[in-house]
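A.B. asks: okay, sequence plus prediction incoming.
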Amino acid sequence: MMRKYGSYWGLTAAAGLGSMLGSGIIVGLASTITVWQAGLNLTNGQVGIISGSLTFAIAFGSIFGSRFADKVGLVGVFNWVNLAYAVGALVCVFASNFMTLLLGTVIAGVASGTDLPVSLTVISRDAPDQKMASQMVASTQIFWQVGQFVSTGAAFIVSAMSVTGGRIVFAIFAAVAGIVWLWRTLSGTIKKLHAAAAERLAAVKDSGEMKEANGASIIRTLFKDPDHKKYLYLFSSILIYYVFWNFIANTWGQFTTFVLVKAGASQTLSTGIGLGLHIAALFILGIYVTIAGSAKRNTWFAIGVVCALIAMGGLAIFGSDSIAMIVAFMLIWGVGSMLSGEAIYKVWTQESFPAEIRASIQGFINGFSRFLCGLLAIVTPLLVLPGTIKTTMWGFVGVVVIFGLAGFSMIRAEKKYDMLKDNHQKDDGKQTPANHSVQPN
């Protein structure tokens, strides 16, 4: 990464670590909730409240935190949001009862939800051209996957330590968040990149190639902007795509271990399988990042959708008849998810909208999707039991068709509006800013 991104690797890593913390808090809580329950004498109802509150806190941060950042300045929020995350994680470390654990989880969740859209907008804004921006944004997905892997691994290692194990996992989150906060705020290199981006965008504005944003908002952009039909089409395609893709991704992200255990696997085997799937996902993502800024990604998106159809269709036919079959189809889903999932969603969102509302747009989509996934998660355990999983997976086949069609609609829009042209300007010896509007800090 250092050689590929040059002086931008530090910014990419600092933003990516925020993504790692985002996935870490989700997987970390899911992996340790049973030891918290035993150590703090929580009821099943309280466990559900804590898990659900994390989901809704992330949704709240995505929607309202990103809007706050658009108002007060992206860079300021980018620099300081992980301090709030660290505070929330530390509250969990020292939690002695249900309310304290709930409070820490909510604080960390809001901070995590805020950080993701803000971080992606900042690195897209600071990138020297659109091709680099697409690759940097896609790279953050590797960190997201690393967060899942590290959280699962840490929870597995401390699983025999009762509630102390849960405290150790959240202490790790707090330490990493503190490091990220210091890195973002004190790094001279990152400060120079922020300043260079501001100067570059100001120069483009002065040249008359960019209009200054005055009171920009999601509503104004989607319904009143001269190009509102374009933005509304892009927004609708991305929203439908991401919501339906996330229904499947969130289900398997939260309940893979649950399904395997119900199918007869031990807790240790199920966790080990999860770690193996995360390693495979990291390998696939490493390959995907190299084509994230080119038109080749559209071909791989189609392959990803086909893999997703095979995986859900296979589970619909075979259900939970065999642990080996479940693992095989989960691996196929993992390939499909990496090629047609979160990474391309992040790139699409950053490429599609003016800079001054990117964080708000992505925050709304993230939050809305997370909210709906939270509602689905309430009934998911009943939908993936051995007796019901086949019917559910046939429903997921339909979900794949919907998100696939929405994704192909987005690809069509890329061609219609010539959105990939900036990714090839660098090859012609030109450097084009990755943004088309000015965001004051």
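C.D. replies: Everything's here; your move. Residues are numbered from 1 along each chain as shown.
A.B. asks: check the offset of the longest helix along the chain from the chain's centre.
C.D. replies: Longest helix in the chain, counting residues (DSSP state H): helix 228-262. Centroid separation for helix 228-262 versus its chain: 11 Å, with CA atoms, centre = their mean, to the nearest Å.
A.B. asks: got any ranges where the stretch 151-300 of the chain has weak pLDDT?
C.D. replies: The stretch 151-300 of the chain contains residues with pLDDT under 70 at 159, 205-216, 257, 267-268, 271, 293.
A.B. asks: got any ranges where the stretch 301-441 of the chain has weak pLDDT?
C.D. replies: For the stretch 301-441 of the chain (pLDDT under 70), the answer is 319-321, 420-441.
A.B. asks: and with 80 instead?
C.D. replies: Residues of the stretch 301-441 of the chain that meet the criterion pLDDT under 80 lie in 319-321, 355-356, 359, 377-381, 419-441.
A.B. asks: ok, residue 183 - how many residues close by?
C.D. replies: Neighbours of residue 183 under the rule other CB atoms under 10 Å: 17. Yep, even glycine has a C-beta here, placed from its N, CA and C like the rest.
A.B. asks: okay, and it sits in which element?
C.D. replies: Taking DSSP states H and E as the definition, residue 183 sits inside helix 163-186.
A.B. asks: helices or strands next to that helix in the packing?
C.D. replies: helix 9-40, helix 74-93, helix 130-157 (3 or more CB pairs under 8 Å, 6 or more residues apart in numbering; DSSP states H and E).
A.B. asks: chain center to it: distance?
C.D. replies: Between the centre of helix 163-186 and the centre of its chain there are 19 Å (CA atoms, centre = their mean).
A.B. asks: mind listing what's buried in the next helix or strand after that helix?
C.D. replies: Later in the chain than helix 163-186, the nearest helix or strand by DSSP H and E is helix 188-206. Using 16 or more other CB atoms under 10 Å as the test for burial, helix 188-206 gives 190, 193, 194, 197, 198, 200, 201, 204, 205.
A.B. asks: what's the burial count for residue 174?
C.D. replies: Applying other CB under 10 Å, we find 22 residues neighbouring residue 174.
A.B. asks: let me fix that: residue 86
C.D. replies: 22.
A.B. asks: so can I have TSV of the helices and strands packed on helix 163-186 showing distance to residue 245?
C.D. replies: Listed next are these as TSV, based on distance: least, CB to CB, whole Å:
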stretch	distance to residue 245
helix 9-40	16
helix 74-93	26
helix 130-157	13
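A.B. asks: which of those has the lowest average pLDDT?
C.D. replies: Here the helices and strands packed on helix 163-186 differ in mean pLDDT, and the lowest is helix 130-157 at a mean of 82.
A.B. asks: list the buried residues for that helix?
C.D. replies: 130-152, 154-156.
A.B. asks: show me what that helix packs onto, helices and strands only.
C.D. replies: By 3+ CB pairs under 8 Å, 6+ apart, helix 130-157 packs against helix 2-5, helix 9-40, helix 98-126, helix 163-186, helix 267-288, helix 342-352.
A.B. asks: now the fourth one: buried residues?
C.D. replies: Looking back up the chat, that one is helix 163-186. For helix 163-186, burial by neighbour count (16+ other CB under 10 Å) applies to 163, 165-170, 172-174, 176-178, 180-181, 183-185.
A.B. asks: before we move on, the earlier item: pipe the helices and strands packed on helix 130-157 into CSV and attach distance to residue 383 per row.
C.D. replies: Listed next are the helices and strands packed on helix 130-157 as CSV, based on distance: least, CB to CB, whole Å:
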stretch, distance to residue 383
helix 2-5, 42
helix 9-40, 17
helix 98-126, 24
helix 163-186, 27
helix 267-288, 18
helix 342-352, 22
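A.B. asks: just so I know, which of the ones you listed lies nearest residue 387?
C.D. replies: Residue 387 sits nearest to helix 267-288 of all the helices and strands packed on helix 130-157, at 19.2 Å, using CB to CB.
A.B. asks: okay, angle between that closest one and helix 9-40 too, please.
C.D. replies: Angle, helix 267-288 to helix 9-40, by axes from the mean of the first three to the mean of the last three CA atoms, to 10 degrees: 170 degrees.
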